[in-house]
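Visitor: coordinates only, sequence not included:
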């Protein structure tokens, strides 16, 4: 028997803002809130425990010291990479430089709090 990833927990300064951003990016909905201010978002039909992990946006006041060791990669499901890039930028993502050469097939972006993520080229089927 093996484990699988059920949720990803992101420490963020503004859970409301990041929940709204990532919900739009991923097509997720709010699943719940905790007394500590955490907001969990996930797929609208399956929620926690489905084939996709949920995201828990947990409030923190700790400053981010440097580049994260883990980042998210996303793929468009209903449009090409260029169209998805425009959509993500309109939602509040911004280009990020993590030392890429410019020859990569992906785009490095940052969410509204500066956490890096990548938009990959391949279009995937929706789950």
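Guide: Sure, I can see it. As the structure is a prediction and not an experimental result, all values here were calculated from the model. Numbering: from 1, shown residues only.
Visitor: how far is stretch 7-14 from where the chain is centred?
Guide: Distance of stretch 7-14 from the chain centroid (CA atoms, centre = their mean, to the nearest Å) equals 10 Å.
Visitor: got a list of contacts for that stretch?
Guide: With contacts defined as CB atoms under 8 Å, 6 or more residues apart in numbering, stretch 7-14 is touched by 18, 40, 42, 48, 53-62, 72, 112-113, 115. For the C-beta atoms, the positions are set from N, CA and C on the backbone; glycine is no exception.
Visitor: host element of residue 8?
Guide: According to DSSP states H and E, residue 8 maps onto strand 7-12.
Visitor: report the contact partners of residue 80.
Guide: Neighbour list for residue 80: residue 123 [criterion: CB under 8 Å, 6+ apart].
Visitor: wait, residue 83 touches residue 76, no?
Guide: Yes - using CB atoms under 8 Å, residue 83 is in contact with residue 76, at 7.3 Å.
Visitor: which of these two has more neighbours?
Guide: Legend: neighbour count by other CB atoms under 10 Å for residue 83 and residue 76, higher for residue 76 (19 against 11).
Visitor: immediately after the strand holding residue 8, which helix or strand?
Guide: Scanning forward in sequence from strand 7-12 by DSSP H and E, the next helix or strand is helix 15-26.
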